[in-house]
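Trainee: Sequence first, then the predicted structure, then my questions.
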Amino acid sequence: MSFFDLEFKELAKKGIEIPLTVYRFAVHEAVSTPFSLSLWARSDSAAIAIDTIVGQPASFRLTAGYLNVSGSGSRAWNGVCSYMEQTRAERQDKNILSSYYLRIVPAMWVMEHQRDHRIYQHLSIPDIVDIFFDEWNIKREWRIDRGSYPKLEFKVLYGESHFAFVTRLLEEAGIAYTFPDEAGGNGTVLLSEALHRGRKRPGAPVPYEENPTEAAEREFVSEVSLVRDVRPGAYTIRDYDFRNPSFELLGESAKARAPEDRYEQFHYLPGGFLVEGSAGGGTPVADDRGVARHLQPYGLARETRALESLRADRAGVAFTSNLHDLHPGLIFRVEQHPHPDLARELLVTDILLEGTAEGEWESRGHAVFADTPFRPPLITPRPEALGVQTVTVVGPKGVGKLDEEIHVDEFGRVRVRFPWDRSGNDDDLCSCWMRVAEGWGGKGYGWLNLPRVGQEVIVTFLEGDPDRPVIMGRLYNATHPVPYKLPDHKTVSTWKSDSAPGSGGFNEIKFDDEKSDELFYMQAEKNLRKLVKNDEILTVGHDRDKLVIAEEHETIDGTRTQVTLAERHSMIGSVHHRLIKGNKRQLIRLDEHELNEKNRWLLVEKDQDQVIRGNRRERDEWDLNARVNGDRRERVGRTRSVMIYQKLHVKVGKTFARAAGKELHAASKKITSEAPDITARGPGGFIRIDAAGVTISGRKVDINVSGSPGHGHGAHPREPAEAIEAKSKTGVFRDTDKLKGHGVVDAIAKQFEIKDKTAAPDNLRMLELFKLAMESDVGTPAGGTLLWSGGGDYAGHVAGDYAQKNSTAAQAFSRLEMTPGGGALAKTTTDNADGWGVANPAWRTISRRLAQQAKGDVNVVLSRVPAGETAIFREEVKVLAANPDVTAVNVWLMQPSPTGKYTDKAGTTYDLVPVKMEDALAMPPPPAPPAPSPPPLPPPPPPSSPSATSPKVS
């Protein structure tokens, strides 16, 4: 006879009594499996609150009517009531008798009902299991060497229950768990890495009984069956280490005896050998959290455990017994069986115990030989991450950390946050380092395009393993949109970067495949360096435009050959410096024209030879000064003509000798010769005038007699041929401002959007001015006037005042202000407020460009036209005058006047006096007295010097 005790402690504490009497039980227990205890009970109450019982802690104790040799006559199971039903209710006289069925499972079983996605990093398998058991308040006892379980870099609970995840990890580690009754029935879980060396049943071996009915109340084992099964005899795992890709990371456990040694289980497990050996640092490198490496000894140990799991029940024993204290994980022995193998110790792995209160119970079980290492079977499947997922790249955040836009390790790996991660972390603690797939990768070459913090990327998983994520691609979203608006720019393909840290700048390679408007575009946000180790060939089918805002340096170690089949035009805005260390040879097959609008100095350190095979014509508008320190020799093959319209002064320090082969003739209204000694000599005599007097001597001297004077041919000099003037920009010299090269500036200027214009760097302000110069409409507004001012803010204010007082519509005027000289300030506004300003010699280029674009009536306001200088804006006025779209050009000069109508910024009033166009265009008068000869080699003025002369564009 047996005694059953069913108890609900938590309900009892609340004063709730459950009137149930158990009359039958059945319990199934197995290694690494939650037990399942089924109870059948009766009650005289038909209204037991089943909802109150299900889910509550419950315990069941079985007490035998006799004591076995173990010294204990009871067994206890503690857990949770997982199921209850009322199976029957019947009336007996005035009473109602009800039948119930209940199922009790361990508390660990409840973990099966919670599924989640979680990430665990830098923890060993026992550490992870402890986290879950603490969360579920599950008591446990570890019988393992925790030091033999290294930390793992990354483990994922992926859409599976807590129970399945814990069980899967324990199976991988080769740790079995059971629910022994060693602690008075407190529900403790025993976790052991060596059950085959675990607790042994006390007492003598259990006798084998062929006829159980004769055993009465003695313990026995009967119906024993020896089991043999074919199992794999070899287990091999292959891994891959990207740190050492050529190394065959292959482990192979010890094989079984033939023929099973041929039955190999081969598995490819990426990351199967990856464990952490020591703690890492805090820098963004691969080992920042832990030093994880693929260790072959760990892989070999894993293979050994897996093979032991497969072969653990290759040989076993099935039996029947009347023992109620046998449970999984207990080692016992059987005696008196005729087969010698039954003399070996047996490890109980599975047991089914059932019985009733009135009768006996029966125990049917399965055991394996305890001299064979036991590992739990690998039956819990690993979840597969099918397909791909989109995740967000993350980086470090928080106190003491620097927010990074690009957070990578030395392998280009990044960390991400999965959308299913509910940990709340949004920093570099979210995940492990993940490798990033690139379009091309080799040994130190290939593509490198690192994902940045906040970007959305595509993740896939090696072999579908959630523990092995790899980034395969990138995605755009609402917070990280496409580089160009779609579908407006659907023909554009681009590789566009973003300056970091911060934003606003970018490098880009862009392709636009719009038919008939195809474009290949490249931008360097700052520097561009290009290396060609051998030849470079560039072919341009049409025009090529090149613009360098600052300096350009070009070095050619060998020979440079440049061929221009048509015209070539060159413009230098300031000073041209050229150094030729060897010889210079120049061949011009047709005419050469050179126009120098100001001075020219030439220094030849040694000889200069000049050969002109045709005629030479020279014209000097003003003086010609020549100084020869040595001899001057001149040879004229035929006639030399000299025409001097005013005076000729010749002074000779010593001898002045002149000889004519035929005739020497001098004619003038008055001839005066003065010297201490003058002699006129001919074939018939001479006349001498000296200090002594006048001496006349000849063969015959006739005075006041008939005769005639000698007759000379007179001077008949020819006018020199007119020199052909070098053609201006309307001829050979094209207006370089109109070249298409300036069109490039418009596209460049569009890249800049500057709010504070006055604080912009000079080069950006120049770009804006160039952009203005490229605009087609800078003409006179309807009903208004176009003002062009020079001379600084004072002239600008006067011009603005003039515009406001002479315009017929509100703000219906445009003012373009160009100030030459020191500051080289250039401005443009549509009202009287200051606009752009930049100090750069290129202001003249812009002003000329604007002059070409002007339309309608143009009024030029000048602050001064100083004597001795070229009129301010003479060149611009000439361009305006030549512009067919300009209907009139009016030039006004500011003159201070107490009653003037127009006011400058200082409050001074001015009258505007008209200036004749010829005066505005006139050349400056010649200097007086003549300027001294220039120094041998005057240094060129620096481009940025305030006193440097602004160059004129040809």
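Mentor: Perfect, I can see it now.
Trainee: For residue 248, give me its contacts.
Mentor: residue 238 (C-beta atoms under 8 Å, 6 or more residues apart in numbering). All C-beta spots, glycine's among them, are computed from the backbone N, C-alpha and C.
Trainee: Give me the distance between it and residue 78.
Mentor: Distance, residue 248 to residue 78, by C-beta to C-beta, to the nearest Å: 50 Å.
Trainee: Just confirm residue 78 is within a strand.
Mentor: Yes. Inclusion of residue 78 in a strand is indicated when DSSP: H, G, I helix; E, B strand; the rest coil is applied.
Trainee: helix/strand/coil for residue 364?
Mentor: Relying on three-state DSSP, one would call residue 364 strand.
Trainee: Based on its surroundings, how many neighbours for it?
Mentor: 15 (other C-beta atoms under 10 Å).
Trainee: partners of it in the sheet?
Mentor: Beta-bridge partners for residue 364, by DSSP bridges, are residue 320, residue 352.
Trainee: can you pull the contacts of it?
Mentor: Contacts of residue 364 (C-beta under 8 Å, 6+ apart): 318-321, 351-352.
Trainee: how's this structure carved up into domains?
Mentor: Using automatic domain parsing, the domain parsing of the chain gives 3-108, 114-196, 206-345+364-369, 384-480, 492-523, 736-921.
Trainee: Check what contacts stretch 128-136 and list those residues.
Mentor: Residues beyond stretch 128-136 that count as contacts (C-beta under 8 Å, 6+ apart) turn out to be 107-108, 110-111, 120, 123, 138-140, 155, 162, 165-166, 169-170, 189, 191.
Trainee: Please pick the buried ones from the residues you listed.
Mentor: By neighbour count, with 16 or more other C-beta atoms under 10 Å, the contacts of stretch 128-136 hold 107-108, 110-111, 120, 123, 138, 140, 155, 162, 165-166, 169-170, 189, 191 as buried.
Trainee: one step back: quick one: which of the contacts of residue 364 has the lowest pLDDT value?
Mentor: Here the lowest pLDDT out of those sits on residue 321, with 91.
Trainee: in the longest helix along the chain, what's buried?
Mentor: Using DSSP state H, we find that the single longest helix of the chain is helix 296-311. Under the neighbour-count criterion of 16+ other C-beta under 10 Å, helix 296-311 has 296, 298-311 buried.
Trainee: Helices of the stretch 101-250 of the chain, residue ranges please.
Mentor: With DSSP state H, counting those that start in this stretch as the criterion, the stretch 101-250 of the chain has helices at 125-135, 162-173.
Trainee: Ranking the ones you listed by mean neighbour count, which comes first?
Mentor: Greatest average neighbour count among these goes to helix 162-173 (a mean of 22), per mean count of other C-beta atoms under 10 Å.
Trainee: Just list what it packs against, helices and strands only.
Mentor: With contacts taken as 3 or more C-beta pairs under 8 Å, 6 or more residues apart in numbering; DSSP states H and E, helix 162-173 sits against helix 125-135, strand 155-161, helix 296-311.
Trainee: just how off-centre is the second one within its chain?
Mentor: Relative to its chain's centre, strand 155-161 lies at 34 Å (C-alpha atoms, centre = their mean, to the nearest Å).
Trainee: Mind giving me the packing neighbours of that strand?
Mentor: Strand 155-161 packs on strand 115-120, helix 162-173, going by 3+ C-beta pairs under 8 Å, 6+ apart.
Trainee: could I get these as a markdown table with mean pLDDT and distance to residue 274?
Mentor: Output for the helices and strands packed on strand 155-161, formatted as a markdown table (pLDDT from 0 to 100; distance: least, C-beta to C-beta, whole Å):
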| stretch | mean pLDDT | distance to residue 274 |
| --- | --- | --- |
| strand 115-120 | 95 | 14 |
| helix 162-173 | 97 | 13 |
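Trainee: Tabulate those (a markdown table), appending distance to residue 279.
Mentor: Shown next, in a markdown table, are those (distance: least, C-beta to C-beta, whole Å):
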| stretch | distance to residue 279 |
| --- | --- |
| strand 115-120 | 17 |
| helix 162-173 | 21 |
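Trainee: For residue 897, find the nearest of those.
Mentor: With C-beta to C-beta as the criterion, residue 897 lies closest to strand 115-120 of the helices and strands packed on strand 155-161, at 84.8 Å.
Trainee: quick one, that closest one and strand 155-161 angle?
Mentor: 170 degrees (axes from the mean of the first three to the mean of the last three C-alpha atoms, to 10 degrees).
Trainee: List the buried residues in strand 115-120.
Mentor: 117-120.
Trainee: export it as PDB, just CAs?
Mentor: What follows is strand 115-120, C-alpha atoms only, in PDB (Å, rounded to 0.1, in the frame of the first residue of the first chain):
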ATOM      1  CA  ARG A 115       9.700  33.500 -26.800                       C
ATOM      2  CA  ASP A 116      12.100  36.400 -27.500                       C
ATOM      3  CA  HIS A 117      15.000  37.900 -29.400                       C
ATOM      4  CA  ARG A 118      18.100  38.700 -27.300                       C
ATOM      5  CA  ILE A 119      21.800  39.100 -27.700                       C
ATOM      6  CA  TYR A 120      24.400  37.900 -25.200                       C
END
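Trainee: all helices of the protein, in order?
Mentor: Using DSSP H, helices in the chain cover 9-13, 50-53, 125-135, 162-173, 296-311, 743-749, 762-774, 793-806, 843-853, 874-882, 917-921.
Trainee: Run a quick neighbour tally on the nearest residue to residue 20 once chain neighbours are set aside.
Mentor: Leaving aside its chain neighbours, residue 20 sits nearest to residue 41 (4.2 Å; criterion: C-beta to C-beta, 6 or more residues apart in numbering). Residue 41 has 22 neighbours, counted by other C-beta under 10 Å.
Trainee: Going forward, the N-terminal residue is numbered 4.
Mentor: OK, 4 is where the count begins now, so the last one is residue 44.
Trainee: Look up how far residue 498 lies from residue 458.
Mentor: 15 Å.
Trainee: Ok, residue 617 next?
Mentor: 60 Å.
Trainee: Neighbour count: those two, which is higher?
Mentor: Neighbour count, other C-beta under 10 Å: between residue 617 and residue 498, residue 498 has more, with 12 against 5.
Trainee: thought residue 120 was touching residue 420?
Mentor: No. Residue 120 is beyond contact range of residue 420, at 11.9 Å (criterion: C-beta atoms under 8 Å).
Trainee: Just the mean pLDDT for stretch 688-701, thanks.
Mentor: Stretch 688-701 comes out at a mean pLDDT of 91.
Trainee: Next, the distance between the ends of that stretch.
Mentor: Length of stretch 688-701, first residue to last, C-alpha to C-alpha, to the nearest Å: 4 Å.
Trainee: now do stretch 276-286
Mentor: 25 Å.
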